[in-house]
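Chemist: whatever this is, show me its structure:
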Amino acid sequence: MRNWIAFFATTALPASASAQAVGLDPAAAADIAGAVSDCWKAVGVRDVNRSSLAAAGWKTATATDPKGGSVTSPPGLYGQARRNAVIMVPAQASQPMCSVIARVPSQNDLGPAVATIQKALVELNPKVETARDGNSIYFLALPKLAMVDPTGSKDRPGMRIVVGYQNSEKK
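Modeler: As a prediction, the model looks like this:
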């Protein structure tokens, strides 16, 4: 378990990334699981296959300010009209990774969302195993792995799911 924690510690997005969910409407568990599945499929040995994300309907996200003006989105931020979640792919990471950030309707929806993510990942790879460390839940089918963490507040709960590929070789 500690090796996976170290992996995520070296590849995790900045804490401010979870704040991105503040502007999102709550997402259905199936939408979050679909976004995580798209990340799982796109993460590879050397990089994140952005063409795979595009083929799944993810487009470079655009943002507007409260007055309707255009705001520059950070590079690597993707959105999809049919899902209330965003995908982030950092330009520089020590290991290939892709993250999903989403809000949920209530704290009671966190557990069902995690269960839906687990089901979707097991459908992609029946060898996916689940582990827990504190508030983090891990889905493992090495070398691929995903870490789910609750984010947000009691009034605006959300989740961040980091999907990565643990390379054992040096670049």
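
Chemist: what are the buried residues along stretch 52-59?
Modeler: The neighbour-count check on stretch 52-59 (16 or more other Cβ atoms under 10 Å) flags Ser52, Leu53, Ala56, Trp58 as buried. Using the backbone N, CA and C atoms, a C-beta is placed for each residue, glycine as well.

Chemist: show me what contacts the second one?
Modeler: Taking Cβ atoms under 8 Å, 6 or more residues apart in numbering, we find Leu53 in contact with Asp38, Cys39, Ala42, Tyr78, Ile87, Val89, Cys98.

Chemist: could you identify the pair within those residues that is furthest apart?
Modeler: Based on Cβ to Cβ, the longest span within these runs between Asp38 and Val89 and measures 11.1 Å.

Chemist: of the contacts of Leu53, just say which sits nearest to Gly69.
Modeler: Of all those, Tyr78 has the smallest distance to Gly69: 21.3 Å, by Cβ to Cβ.

Chemist: where are the low-confidence patches of the chain?
Modeler: 1-23, 62-65, 70-75, 168-171 (pLDDT under 70).

Chemist: for the most centrally placed residue in it, helix, strand, or coil?
Modeler: Centroid check for the chain by Cα atoms, centre = their mean gives Val100 as the closest residue, at 2.2 Å. With DSSP: H, G, I helix; E, B strand; the rest coil as the basis, Val100 sits in strand.

Chemist: isn't it right next to Ala33, touching?
Modeler: No: the pair Val100 / Ala33 is not scored as a contact, 9.3 Å apart, by Cβ atoms under 8 Å.

Chemist: what helix or strand is the residue lying farthest from the centre of the chain on?
Modeler: No residue in the chain sits farther from the centre than Lys67, which is 28.8 Å out by Cα atoms, centre = their mean. Using DSSP states H and E, Lys67 falls within no helix or strand.

Chemist: roughly how far apart are it and Leu24?
Modeler: Distance, Lys67 to Leu24, by Cβ to Cβ, to the nearest Å: 19 Å.

Chemist: what does Ala30 give?
Modeler: 16 Å.

Chemist: neighbour count winner among the two?
Modeler: Leu24 (18 against 14; other Cβ atoms under 10 Å).

Chemist: now for the closest residue to Gln166 other than its chain neighbours: which residues touch it?
Modeler: For Gln166, ignoring the flanking residues on the chain, the nearest one in space by Cβ to Cβ, 6 or more residues apart in numbering is Pro143 at 4.7 Å. Shown in contact with Pro143 (Cβ under 8 Å, 6+ apart): Val45, Tyr165, Gln166, Asn167, Ser168.
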